[in-house]
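> next input, structure requested:
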Amino acid sequence: MKRAICLFIPVFVAVLAACSAGGGRPTNGETAAATAMAAAPTAAPPVVATNTFIPLVEDQPTPTATAMPSPTVTPSPTVTPSPTPLSPVAAVALEPVLAGGLQQPTAITHAGDDRLFVLEQIGRIRIIAGGQLLPTLFLDITDRVGSAGSEQGLLGLAFHPNYAAAGAPGAGTFYVNYTDHSGTTHISRFNVRAGDSNRADPDSEVIYLTQPQPYPNHNGGSLAFGPDGYLYAGLGDGGSANDPQGAGQRRDTWLGKLLRLNVTTTDGQYTVPPDNPFVGQAGTLPEIWAYGLRNPWRFSFDRATGDIFIADVGQNQWEEVNFQPGGSAGGENYGWNIMEGTHCFPQGTCNRDGLVLPIFEYDHSQGCSITGGYIYRGAAYPEMAGNYFVADYCVGTIWRLFPQAGGWQAGIVLDSDLVISTFGEDVNGELYVADYAHGAIYRLRPN
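Numbering: from 1, shown residues only. Down below sits the predicted model:
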């Protein structure tokens, strides 16, 4: 099953320069299509595992990444890894959880219990409980979220590790990443209402960080707490095409970076962890944990090892997944805009010294915009354990990556025909995908 890339499908935050050299801003027709879809979501289509679209990367190992030398710092606490999986999964299926009713979902996560929390790009957080979409909104901040640009809106959500621990620092708090009506990125904290676990207080916002955006695209948006208890945030390079501000390689801006913040010690503020890799270095912002990113559309932690997988949307030719081992001291340079994937950008030669190459890439004959996922650590499907899943937004293909000696084995496990805007993980480690076009949620399982 091959489909034309860059047709008038609903445009979403992850579609960047793949469809044009101008950075992936939608045409008027694309905007109208997205608006119509938002106004009247239709039922999700059946998912058929055709597995006939075979890329060049099928079951080919990619080189193991070599970490950039980093300053000597105190390593983060490690997590005991789970047993080594037996083999890569051959195929997966998508089991419907919610047939529709969501408006342009952008993220899925949990709060330490059995509920699923789903972001809607327009500025709302919805709850799925017992397979039902609750009518009450968990949070509605549409009054301050700007989503006029196809890559703007409410983009990230992370619950504090102590969210359910009454009386502990961070109890009842969560963090969101959104763009406001001027396009500026906000990382803010909110509180759940006392006595009502299904409703948050929209007036409880405390803004921790803002980043003006020079262009409306490449906002990144992912948030996640690491096993060290710190909040990690992914920001894109500021937008347009070709990184005109050189943000990816500059260390005096948060753009094009993965940030690491301590949001627990001081109420209403963050502090910089003392073991961040660039603390005390002149001309470098201390919040930076890793750099050289174009538009990280979904990063995730392996809950067993602390490893980080970062899916970075490409420019004109290559989509990629970057990797940081759980024991890393940070400071990795993932190459943008010196490189796009494993390829020099834009010329044929470049200095690769100190750069960390991706563990997986695919070209634009196979898709146009990567959506990062998770490594499976759930208990329901042990045959999927240790497989990392990633998708392409434009064509719905899902790959799995599996570690092997000398690299990672990549293979297609499903051609879904969905517009996959995000993966998600529940409290038990089970994995989900969202269909942006139909407002539907599916659970990933072996086939």
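> buried residues in stretch 357-368?
Across stretch 357-368, burial judged by 16 or more other CB atoms under 10 Å covers 357-364, 366-368. For the C-beta atoms, the positions are set from N, CA and C on the backbone; glycine is no exception.
> endpoints of it, how far apart?
Taking CA to CA, to the nearest Å as the measure, stretch 357-368 stretches 20 Å from start to finish.
> so of the buried residues of stretch 357-368, which ones are in strands?
360-363 (DSSP state E).
> output these in CSV, with distance to residue 337 appended to each entry.
Output for these, formatted as CSV (distance: CB to CB, whole Å):
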residue, distance to residue 337
360, 20
361, 16
362, 19
363, 18
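> ok, the residues you listed vs residue 212, which is closest?
Set against residue 212, the nearest of these by CB to CB is residue 361 (30.8 Å).
> what sits against residue 157?
107, 109, 117, 119, 125, 174-177, 223 (CB atoms under 8 Å, 6 or more residues apart in numbering).
> could you rerun that using 6 Å?
By CB atoms under 6 Å, 6 or more residues apart in numbering, the contact set of residue 157 is 107, 109, 119, 176.
> among those, which lie within helices?
Counting by DSSP state H, those place none of their members in helices.
> most surrounded residue in the residues you listed?
residue 119 (31 neighbours; other CB atoms under 10 Å).
> any idea how far residue 421 is from that one?
10 Å (CB to CB, to the nearest Å).
> joint contacts of the two?
Residues touching both residue 119 and residue 421 (CB under 6 Å, 6+ apart) are residue 106.
> tell me how many other residues surround the residue nearest to residue 194 when sequence neighbours are not counted.
Once flanking residues are discounted, residue 194 sits nearest to residue 172: 7.9 Å by CB to CB, 6 or more residues apart in numbering. When neighbours are counted by other CB under 10 Å, residue 172 registers 23.
> now do residue 404
11.
> now tell me which helix or strand of the protein has the poorest mean pLDDT.
helix 28-39 (a mean of 36; mean pLDDT, DSSP states H and E).
> buried residues, stretch 125-140. List them.
Applying 16+ other CB under 10 Å to stretch 125-140 flags 125-128, 133, 137-140 as buried.
> for residue 383, grab phi and psi.
Main-chain torsions, residue 383, degrees, to the nearest 10: phi -70, psi -20.
> just give me the longest strand of the protein.
Per DSSP E, the chain has its longest strand at strand 196-211.
> which helices and strands does that one pack with?
Where contact means 3 or more CB pairs under 6 Å, 6 or more residues apart in numbering; DSSP states H and E, strand 196-211 is packed against strand 185-193.
> parallel or antiparallel, list what pairs with the strand it packs on.
Applying DSSP bridges, strand 185-193 is found paired with strand 173-179 (antiparallel), strand 196-211 (antiparallel).
> adding mean pLDDT and distance to residue 227, write these out as CSV.
Listed next are the strands paired with strand 185-193 as CSV, based on pLDDT from 0 to 100; distance: least, CB to CB, whole Å:
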stretch, mean pLDDT, distance to residue 227
strand 173-179, 98, 17
strand 196-211, 98, 21
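> include distance to residue 375 when you put the ones you listed into CSV, please.
Formatted as CSV, these follow (distance: least, CB to CB, whole Å):
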stretch, distance to residue 375
strand 173-179, 22
strand 196-211, 28
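> right, so of those, which gets closest to residue 98?
The nearest among the strands paired with strand 185-193, by CB to CB, is strand 196-211 at 16.4 Å.
> may I have that closest one as PDB, with CA atoms only?
The C-alpha trace of strand 196-211 is given here as PDB (Å, rounded to 0.1, in the frame of the first residue of the first chain):
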ATOM      1  CA  ASP A 196     -12.500  16.500  42.100                       C
ATOM      2  CA  SER A 197      -9.800  14.400  40.400                       C
ATOM      3  CA  ASN A 198     -11.400  14.900  37.000                       C
ATOM      4  CA  ARG A 199     -11.200  18.700  36.900                       C
ATOM      5  CA  ALA A 200      -8.200  21.000  37.000                       C
ATOM      6  CA  ASP A 201      -8.300  24.700  37.900                       C
ATOM      7  CA  PRO A 202      -7.600  26.900  34.800                       C
ATOM      8  CA  ASP A 203      -6.900  29.900  37.100                       C
ATOM      9  CA  SER A 204      -4.000  28.000  38.900                       C
ATOM     10  CA  GLU A 205      -1.500  28.600  36.100                       C
ATOM     11  CA  VAL A 206       2.000  29.400  37.100                       C
ATOM     12  CA  ILE A 207       4.300  30.100  34.100                       C
ATOM     13  CA  TYR A 208       7.800  28.600  34.500                       C
ATOM     14  CA  LEU A 209       9.300  29.300  31.200                       C
ATOM     15  CA  THR A 210       8.500  31.300  28.000                       C
ATOM     16  CA  GLN A 211      10.300  31.200  24.700                       C
END
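> buried set for it?
In strand 196-211, counting by 16+ other CB under 10 Å, buried: 199-200, 202, 205, 208-209, 211.
> sorry, back to before: now flag whichever of the buried residues of stretch 125-140 is closest to residue 246.
residue 125 (35.0 Å).
> in contact with the closest one, which residues?
Taking CB under 6 Å, 6+ apart as the test, what residue 125 contacts is 117, 119, 138-139.
> the same query, at a cut-off of 10 Å, please.
Going by CB atoms under 10 Å, 6 or more residues apart in numbering, residue 125 touches 107, 109, 117-119, 137-141, 154, 157, 174, 176, 190, 200.
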